[in-house]
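[1] Provided below are the primary sequence and the corresponding predicted coordinates.
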Amino acid sequence: MIDQSPVSQAFIGLIILPIVGNAAEHVTAVTVATKNKMDLAIGVAVGSSIQIALFVTPFVVLLGWILQRDMSLFFNLFETSSLFVTAFVVNFLVLDGRSNYLEGALLIAAYIIIAVAAFFYPDTGAQSVL
């Protein structure tokens, strides 16, 4: 898909794959949040992220090695800073144990900012040109 479309590898890895891979968890989190069970909604969302970080990502790298694809767990500066900023913002929002619409809007805005940056982020080969 990367070779045949203008979509960057960062956008697919940071935006498309997590949305598609965790569609059931997203639906569950939204459903229980509408029923005002925020502890369960946050638990599902955070558990889903931990599942991707600790199981799916290393599994895909190992699967890539088996299929003779050059893959690693090396994250460039953009991916590392996106992960750090996201964890930092979520930590501050979850600390007080309460939420409101403004915190949700902040999370959506942060996601949109990361998505736009990932869409325009150059691929590995084009980074040296910049």
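    Thanks, I have the structure now. If you're wondering where the values come from, they're calculated on a predicted model, not measured in any experiment.

[2] how about the helices in this structure?
    Taking DSSP state H to define them, one finds helices in the chain at 9-11, 17-21, 23-34, 38-51, 57-66, 77-95, 101-120, 124-127.

[3] enumerate the positions of the first one that are buried.
    Buried residues in helix 9-11, counted by 16 or more other C-beta atoms under 10 Å: 10, 11. The C-beta positions use only the backbone N, C-alpha and C, and glycine is treated the same way.

[4] by contact count, what packs against that helix?
    If contacts are counted by 3 or more C-beta pairs under 8 Å, 6 or more residues apart in numbering; DSSP states H and E, helix 9-11 sits against helix 101-120.

[5] may I have the helix it packs on as CSV, with CA atoms only?
    Coordinates of each C-alpha in helix 101-120 appear next as CSV, following Å, rounded to 0.1, in the frame of the first residue of the first chain:
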residue,chain,number,x,y,z
TYR,A,101,-16.1,17.2,27.4
LEU,A,102,-13.1,19.6,27.3
GLU,A,103,-10.7,16.8,28.2
GLY,A,104,-12.2,14.6,25.5
ALA,A,105,-11.9,17.5,23.0
LEU,A,106,-8.2,17.9,24.0
LEU,A,107,-7.6,14.2,23.3
ILE,A,108,-9.3,14.4,19.9
ALA,A,109,-7.3,17.5,19.0
ALA,A,110,-4.1,15.8,20.0
TYR,A,111,-5.0,12.8,17.9
ILE,A,112,-5.8,15.0,14.9
ILE,A,113,-2.5,16.9,15.2
ILE,A,114,-0.6,13.7,15.3
ALA,A,115,-2.6,12.3,12.3
VAL,A,116,-1.9,15.4,10.2
ALA,A,117,1.8,15.4,11.1
ALA,A,118,2.1,11.7,10.4
PHE,A,119,0.3,12.1,7.0
PHE,A,120,2.8,14.7,5.9
